[in-house]
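Colleague: Predicted coordinates and the sequence they were generated for:
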Amino acid sequence: MSHQPTEPVRAAVTVAGRRLSYLDFGGEGRVLFALHGHFGEARAFTRLARDLGPEWRVIALDQRGHGFSDRPPDFSRAGYVTDAASVLARLDLGPVVVLGHSLGGVTAFQVAARHPHLVSALVIEDIGPVVDDDLSYALTWPKRSPTRAALLAALGPSAPHVDDAIREFPDGWGLAFHTEDMVASQRELNGDHWDDWLAGTCPALVVHGTKSTVLSHDLAAEMTARRPDTRLARLDTGHAVRQTDPVGFAAIVSDL
């Protein structure tokens, strides 16, 4: 059952001279540190924070180059991992549950592998240790549109996936990221990350959307078979599991 939390508090830390912004949705329960996917930002976890209720305290990061965080000089895997680990260390909340979707999922399990003292458990939303994708289609999106409606029309079927990132700027409506950065970030994400996945020792939950074109049935099963203390949950969704079935996703996380 959802509850009505107080308004989230936006705060930031500085890492390597760059501002990293995050939202703290409050609560006295277990901490869930949440990492969005490409095109997303911390606000993407608003519904989840409400559905989880007071038993959880959701803290969600705007990853580098997304949302209200600064644009970085690169989108390397090491950079993403250092950002997340640095924010967790600054928060000083002890080891916490880390949830990541897509891009954020790889960051999450790499943080668990490289900084195990920061992570008590993992929730990986529809991403695997082998990634091969291309976001170059985003380069066709307009930089600015005269109205929000015009921007949504130009984005077409991609609009629901970037809704949180839509902003009004002095020169029109646009997105809170640079599309060329997203393409570069995806290229850095592509590759084989089995070593990091298998290096983690904390409990892990893989949530697979059975209609996903990003994480296959076989790879999801292999992830759980090869890594100890890892279980698999499947929901009847595509890649955007949490967005498509928010109630089912929250129920799975609540059972951790």
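Modeller: Nice, thanks for sending it over.
Colleague: Help me confirm that A60 comes into contact with L20.
Modeller: No: with contact defined as CB atoms under 8 Å, A60 and L20 do not form a contacting pair (11.7 Å). In this view, the C-beta of every residue, glycine as well, is placed from N, C-alpha and C.
Colleague: So for those two, which sits in the more crowded spot?
Modeller: Using other CB atoms under 10 Å, the more surrounded residue of A60 and L20 is A60, with 28 against 24.
Colleague: Would you agree the more buried one falls within a strand?
Modeller: Yes: counting by DSSP: H, G, I helix; E, B strand; the rest coil, A60 is found in a strand.
Colleague: residues in contact with the residue nearest to it when sequence neighbours are not counted?
Modeller: In space, and not counting its chain neighbours, A60 is closest to A42: 3.7 Å by CB to CB, 6 or more residues apart in numbering. The contact partners of A42, taken as CB atoms under 8 Å, 6 or more residues apart in numbering, are S21, Y22, L23, A34, H36, A60, L61, D62, G67.
Colleague: Point out where the stretch 1-150 of the chain drops to low pLDDT.
Modeller: 1-5 (pLDDT under 70).
Colleague: and if we set it to 90?
Modeller: 1-7, 27-28 (pLDDT under 90).
Colleague: can you give me the strands for it?
Modeller: For the stretch 1-150 of the chain, the strands defined by DSSP state E, counting those that start in this stretch cover 9-15, 18-24, 30-35, 56-61, 96-101, 119-125, 130-131.
Colleague: I'd say F169 and K143 touch.
Modeller: No: at 9.6 Å, F169 does not count as touching K143 under the criterion of CB under 8 Å.
Colleague: so what's the residue positioned nearest the centre of the chain up against?
Modeller: Most central in the chain under CA atoms, centre = their mean is H36, positioned 1.7 Å from the mean C-alpha point. When contacts are counted by CB under 8 Å, 6+ apart, H36 is found next to A42, A44, F45, A60, L61, D62, Q63, H66, H101, L103, G104.
Colleague: Tabulate those residues (TSV), appending distance to H161.
Modeller: Output for these, formatted as TSV (distance: CB to CB, whole Å):
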residue	distance to H161
A42	16
A44	10
F45	15
A60	17
L61	19
D62	16
Q63	16
H66	13
H101	11
L103	13
G104	14
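Colleague: If we only consider those residues, which is nearest to D236?
Modeller: Nearest to D236 out of the contacts of H36 is H101 (CB to CB; 17.1 Å).
Colleague: May I have the beta-bridge partners of the closest one?
Modeller: Counting by DSSP bridges, H101 is bridged to E125.
Colleague: Relative to R90, how far out is it?
Modeller: For H101, the distance to R90 (CB to CB, to the nearest Å) stands at 23 Å.
Colleague: Looking at the two, which one has more neighbours?
Modeller: Between H101 and R90, H101 has the larger neighbour count (other CB under 10 Å), namely 27 against 14.
Colleague: Put together a markdown table for the strands of the stretch 1-150 of the chain, with distance to R50 on each row.
Modeller: Formatted as a markdown table, the strands of the stretch 1-150 of the chain follow (distance: least, CB to CB, whole Å):
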| stretch | distance to R50 |
| --- | --- |
| strand 9-15 | 15 |
| strand 18-24 | 13 |
| strand 30-35 | 13 |
| strand 56-61 | 9 |
| strand 96-101 | 15 |
| strand 119-125 | 17 |
| strand 130-131 | 30 |
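Colleague: distance of C202 from V96?
Modeller: 10 Å.
Colleague: what's the overlap in contacts for these two?
Modeller: V119, S120.
Colleague: name the element the closest residue to F39 other than its chain neighbours belongs to?
Modeller: Distance criterion CB to CB, 6+ apart; nearest residue to F39, sequence neighbours excluded, is V162 at 4.8 Å. Applying DSSP states H and E as the criterion places V162 in helix 159-162.
Colleague: Quick one: name whatever helix or strand follows that helix.
Modeller: strand 166-169.
Colleague: ok so, going back, quick one: which of the contacts of H36 is most hemmed in?
Modeller: Q63 (31 neighbours).
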